[in-house]
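A.B. asks: quick one: sequence plus predicted model below, questions after.
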Amino acid sequence: MKLALLCSVAFLAISSPVLAADLVHPVAAMPFSWTGFYVGGQAGGGWNDSHWSGGFVPFNTNGSGGIFGGQIGYNYQIGQYVLGIEGDLAGSTVKGDNQCSIDVGTACETKQDYLGSVRGRLGYAFDRFLIYGDAGVAFTK
């Protein structure tokens, strides 16, 4: 009986929640900040559907492939406003081809080698929730 009581008390002591406060560095008192650098990666797929016409027999190229890359950025928070800049670059294997002439064996190809963008950001922060808009330039080959 004593062993069962001792095991029950030990089990309850182990499974009870730990309630402690860091009085030297109170986390709850520190406001959240969006300021800082960040990096990330991306992987996915892409599809194309190109329609060609003019000067030759109209044709379509439909293709698909992988897209893989990364992004880097920096945000700076002033009060509740967040300013930022971000750039991304991704390699692409998206490709499609089709016969583009009445000559048998003649093929035309549509492919994408890479894509990227550089954007500025302006946002408004509600603690850990950020509403933002961005604008910039995008490029591809």
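C.D. replies: Good, I have the coordinates.

A.B. asks: what is the least confident helix or strand in the chain?
C.D. replies: One helix or strand of the chain scores below all others by mean pLDDT, DSSP states H and E: helix 2-15, with a mean of 51.

A.B. asks: and the residue nearest the centre of this structure?
C.D. replies: Central residue of the chain (Cα atoms, centre = their mean): residue 42, 6.0 Å from the mean position.

A.B. asks: go ahead and confirm that residue touches residue 91.
C.D. replies: No - contact criterion Cβ atoms under 8 Å: residue 42 and residue 91 do not qualify, at 10.6 Å. To be clear about C-beta, it is placed using only N, CA and C from the backbone, and glycine gets the same treatment.

A.B. asks: list residues touching both of those two?
C.D. replies: 67-69 (Cβ atoms under 8 Å, 6 or more residues apart in numbering).

A.B. asks: would you reformat these as a markdown table and include pLDDT, neighbour count and secondary structure?
C.D. replies: Shown next, in a markdown table, are those (pLDDT from 0 to 100; neighbours: other Cβ atoms under 10 Å; DSSP: H, G, I helix; E, B strand; the rest coil):
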| residue | pLDDT | neighbour count | secondary structure |
| --- | --- | --- | --- |
| 67 | 94 | 17 | strand |
| 68 | 96 | 13 | strand |
| 69 | 96 | 17 | strand |
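
A.B. asks: hmm, back to that, now the element after the least confident helix or strand of the chain, going C-ward?
C.D. replies: Using DSSP states H and E, the helix or strand that follows helix 2-15 towards the C-terminus is strand 36-52.

A.B. asks: excluding chain neighbours, what is closest to residue 133?
C.D. replies: What sits nearest to residue 133 in space, not counting adjacent residues and going by Cβ to Cβ, 6 or more residues apart in numbering, is residue 122, at 6.0 Å.
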